[in-house]
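**Student:** fold the following.
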Amino acid sequence: MTDSQASTSTSAAPLGTNPVAAAPRGARTAADVVTPEVVARLTRGVAGSGRTANHTPFTGGKLADLPESTPEDVAGAFERARSAQPAWAATPVRARAAVLLRFHDLVLSRQAEVLDLIQLETGKARLHAHEEVQAVAVAARHYGRRAATYLKPKRHTGVVPTLTKVTELRQPRGVVGQIAPWNYPLELSVGDALPAFVSGNAVVMKPDTETALTALWARDLLIEAGLPAEVFQVVIGDGPVVGPEVVKHADYVSFTGSTRTGREVAQGAAARLVGVSLELGGKNAMLVLADADVEKAAAGAVRACFSSAGQLCISIERLYVHESVADDFVARFAARTRAMRLGGSLAYGADMGSLVGERQLETVTRHVEEAVEKGATLVAGGVARPDIGPLFYEPTILDGVQAPMAVCNEETFGPVVSIYRFTDEDEVVELANATPYGLNSSVWTKDSRRGHRVAARLRTGTVNINEGYAPAYGSVQSPMGGMKDSGLGRRHGSEGILKYTEAQTVAQQRLMPLAPSFGMDDEKYAAFMSAGLKAMKAFRLR
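**Tutor:** Predicted coordinates:
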C-alpha cells in the first residue's frame, strides 16, 4: 500500500485478511541453516550433561538437540569462569575493548547467519531481526570506544586538599550471572554481556532454551574476536531449574524477563547480598496529541505496536489519541495495520512474523476474545492465521477497551493495542501513568517544547518523541531501564558498564595525619579543623 492509499483509506476491511508475503524463490530453510555441523560447533564447550531441544515457531518443528545443564553443570561453569576471570581482568582495558571492536565487524560481515537463526528461533520478520544486529553493533562500538574512559581511575578532592590524595578505581565484580529472554536473543544476551566483559568480568549466561542457538552463535563470534573461551560460559535448561542456580553462584545478576520472575531473582540475589539489574514488564503508552502529524503518527504506531509481533518489552500496548484527531488517526492506523504482510520466510519482505510459542498465542487470544465479549470493538485483526503457521496472529487494534478487561491493565506481549481517547494534557498524563509499570512511552506532537514538557511528566525510564521506542533505546550513551515494577538498574551509558564493577576508593594521606600533630592538643586540633572547614566552604571547594 502506498502512503497516499494509507492516508485516504477509511473504509472498513473484513477481518482476517492481512496479506501473506510470498517467499522468494530459493529461500533458505531450517534444514539449510541448522545443520549438524553448525549445532556441533556452536554447542562446543556448553556445560550440559543432559539433552534437550529447541523448536521454530514458524512450523513447530524441532531445530536442534542441545546440551541440558544440571545444577552440577552450572556449578562447574561458574568454577571454570572464576578460574579464567583474573587473567582476563589483568588484560589491559584497551585490549579487552579491541575484542568488542573486532566483534562489531564480525557481526556486520556475517549478519546473514545470525538473521537466519533469530528468525528461526523467534519467528520474527527479518527486518525486526535486523534491529538486534543494529543494537549489538552499536553497543559493541560504544563500549569498544568508551570503556577505557568509563573505567579509568578518577581523581577526587580529598578531605584536606593537597594533604589527602584520593583515587577512585573500578574493579570487576568477578563472574556475572546473566539470565536472558527469548524475545531478543542476540541483543538481550550478548548485547548486555559486552559491558560486563570489557570491564573485566567473566559471564555465565543462561539463554532461553528455545533461542539458545542465537546466543551460542554470539559466543562463538566473540571467541573468534579474541575473548578467552572460558570467560564466557553458557548453561541451558528450564528456567525454574537452572535460573536459581545461576543466581546462587553469581557475583552479580543481570536479568531480563517478567516482573514476577524478576522479583524472585531479586530476592535470591538479596539473600546473598549481591547486586542485580532487572529489566521487566511494561504496559507502554503512546500519546498522540492534538497537534500531532496524524499520518506520521499512524505510520509510527505500526512500528511501535507490531515490531517483533509486539513481543518487545518497550513496544506500545496503550494508544491515547486526542479526541479531535482520533477518528482520522484510527482510520489511517487501521488501514496500515490491515495492509501488513505476514510471513515466515528467511528473507526480507514480511512486515510481521509469528508469535514465539503457545503461551503467547493463548494470552493474545484470551485478551482479545474477552475484550470483545465485554464490549470492545475490533478495528483490525483479532484472528489467528494457522494458514501461515501455527502461531501466527494478525496485528490487532481494539477500541472501547475499559477495566476490568484483562487487556486494559495486563501486559499482553503480542500484536494487540488498545485505543483510548482523551481531551487534555493533564488527563492523558494521568492516564498514561496509571499503571504499576514504567518502562517506555511515546509522545507525538509538532511542538518540540510541548513534547519535552509532557515527556518529563511521564513516569517511564525512556520517553520517545515522534517515534515509538528506537531513538531512546538506540542512543547507547544514555541509560535505558524501567521505573516502578518495570525493573531496577539501567543498561547502556555509564550506568550500563559501571554496574558490572565495584567502586574502590584509595586515599593517601601526606605530610600530616588527620589527627592532632605538630604539638597540637585535642582542643587546638578541633579549632584548626573547624577553621579549615570554614575556609574550604568560603573557597567553594566541593
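
**Student:** from Trp182, how far off is the residue nearest the centre of the chain?
**Tutor:** Central residue of the chain (C-alpha atoms, centre = their mean): Leu188, 5.4 Å from the mean position. Plainly put, Leu188 is 9 Å away from Trp182 if you go by C-beta to C-beta, to the nearest Å. Placement of C-beta: from N, CA and C, glycine included.

**Student:** can you check Ser49 too?
**Tutor:** 23 Å.

**Student:** pick out whichever of the two has more residues nearby.
**Tutor:** Trp182 (23 against 11; other C-beta atoms under 10 Å).

**Student:** report the separation between the more buried one and Phe232.
**Tutor:** Distance from Trp182 to Phe232, by C-beta to C-beta: 20 Å.

**Student:** before we move on, what about Tyr184?
**Tutor:** 19 Å.

**Student:** ok, now Thr462?
**Tutor:** For Thr462, the distance to Phe232 - C-beta to C-beta - is 29 Å.

**Student:** over to Gly191?
**Tutor:** Separation of Gly191 from Phe232 (C-beta to C-beta) stands at 14 Å.

**Student:** check the burial of the residue nearest to Glu411 when sequence neighbours are not counted by counting its neighbours.
**Tutor:** Distance criterion C-beta to C-beta, 6 or more residues apart in numbering; nearest residue to Glu411, sequence neighbours excluded, is Gly281 at 4.7 Å. Neighbour count for Gly281, taken as other C-beta under 10 Å: 22.

**Student:** output the contacting helices and strands for the helix or strand hosting Tyr143.
**Tutor:** Using DSSP states H and E, Tyr143 sits within helix 126-151. Using 3 or more C-beta pairs under 8 Å, 6 or more residues apart in numbering; DSSP states H and E, the elements in contact with helix 126-151 are helix 93-109, helix 111-122, helix 190-198, helix 470-474, helix 493-498.

**Student:** now render the ones you listed as a markdown table, adding mean neighbour count.
**Tutor:** Below are those laid out as a markdown table (neighbours: other C-beta atoms under 10 Å):
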| stretch | mean neighbour count |
| --- | --- |
| helix 93-109 | 18 |
| helix 111-122 | 24 |
| helix 190-198 | 27 |
| helix 470-474 | 19 |
| helix 493-498 | 19 |
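
**Student:** distance of the closest residue in space to Phe528 that isn't next to it in sequence from Pro513?
**Tutor:** The shortest distance from Phe528 to any non-neighbouring residue, by C-beta to C-beta, 6+ apart, is to Met520 (6.5 Å). Relative to Pro513, Met520 is positioned 11 Å away (C-beta to C-beta).

**Student:** the two - which one has more neighbours?
**Tutor:** Neighbours per residue (other C-beta under 10 Å) separate Met520 from Pro513, with Met520 holding more: 14 against 9.

**Student:** quick one: secondary structure of the residue nearest to Phe528?
**Tutor:** coil (DSSP: H, G, I helix; E, B strand; the rest coil).

**Student:** so it touches Met529, yeah?
**Tutor:** No. Assessed by C-beta atoms under 8 Å, Met520 is found out of contact with Met529, at 9.9 Å.

**Student:** residues near the residue lying closest to Gly158 once chain neighbours are set aside, how many?
**Tutor:** Spatial nearest neighbour of Gly158, chain neighbours left out: Thr164 (2.6 Å); criterion: C-beta to C-beta, 6+ apart. Number of residues near Thr164 (other C-beta under 10 Å) recorded here: 16.

**Student:** which residue is the nearest non-sequential neighbour of Leu289?
**Tutor:** Thr445 (4.3 Å).

**Student:** could you report the distance from the nearest residue to Arg341 once chain neighbours are set aside to Ala347?
**Tutor:** In this structure, Arg341 finds its nearest non-sequential neighbour in Ala21, 4.0 Å apart by C-beta to C-beta, 6+ apart. Going from Ala21 to Ala347 by C-beta to C-beta gives 9 Å.

**Student:** and Val46, by the same measure?
**Tutor:** Applying C-beta to C-beta to Val46 and Ala347 gives a distance of 30 Å.

**Student:** same question, Pro57
**Tutor:** Separation of Pro57 from Ala347 (C-beta to C-beta): 17 Å.

**Student:** neighbour-wise, which of the two wins?
**Tutor:** Using other C-beta under 10 Å as the criterion, Pro57 and Ala347 rank with Pro57 on top: 28 against 20.

**Student:** which ones are touching the closest residue to that one other than its chain neighbours?
**Tutor:** Distances taken as C-beta to C-beta, 6+ apart place Gly123 nearest to Pro57, at 3.4 Å, with adjacent residues excluded. Shown in contact with Gly123 (C-beta atoms under 8 Å, 6 or more residues apart in numbering): 56-58, 309, 344, 353-356, 389, 391.

**Student:** can you check Ser486 too?
**Tutor:** 259, 279-282, 437-439, 460-461.

**Student:** give me the number of residues near Gly487?
**Tutor:** Neighbour tally, Gly487, other C-beta under 10 Å: 28.

**Student:** for it, give the beta-bridge partners.
**Tutor:** Residues in a beta bridge with Gly487, per DSSP bridges, are Glu279.

**Student:** that one reaches Glu279, doesn't it?
**Tutor:** Yes. If you go by C-beta under 8 Å, Gly487 and Glu279 touch, sitting 4.7 Å apart.

**Student:** shared neighbours of these two, which are they?
**Tutor:** Joint contacts of Gly487 and Glu279 (C-beta under 8 Å, 6+ apart) are 439, 481.

**Student:** let me know the pLDDT of the closest residue to Thr435 other than its chain neighbours.
**Tutor:** Setting aside the residues directly before and after it, Thr435 is nearest to Lys283 in space (C-beta to C-beta, 6+ apart), at 4.8 Å. Confidence at Lys283, expressed as pLDDT, is 98.

**Student:** spit out the contact partners of Lys283.
**Tutor:** Contacts for Lys283 (C-beta under 8 Å, 6+ apart) come out as 317-318, 409-411, 435, 437.

**Student:** same check on Gly191?
**Tutor:** Taking C-beta under 8 Å, 6+ apart as the test, what Gly191 contacts is 132, 135-136, 139, 184, 491.

**Student:** JSON lines please, covering these and showing pLDDT, distance to Arg80 and neighbour count.
**Tutor:** Formatted as JSON lines, those follow (pLDDT from 0 to 100; distance: C-beta to C-beta, whole Å; neighbours: other C-beta atoms under 10 Å):
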{"residue": "Glu132", "pLDDT": "98", "distance to Arg80": "28", "neighbour count": "28"}
{"residue": "Ala135", "pLDDT": "98", "distance to Arg80": "29", "neighbour count": "20"}
{"residue": "Val136", "pLDDT": "98", "distance to Arg80": "25", "neighbour count": "27"}
{"residue": "Ala139", "pLDDT": "98", "distance to Arg80": "25", "neighbour count": "24"}
{"residue": "Tyr184", "pLDDT": "97", "distance to Arg80": "27", "neighbour count": "27"}
{"residue": "Arg491", "pLDDT": "97", "distance to Arg80": "26", "neighbour count": "24"}
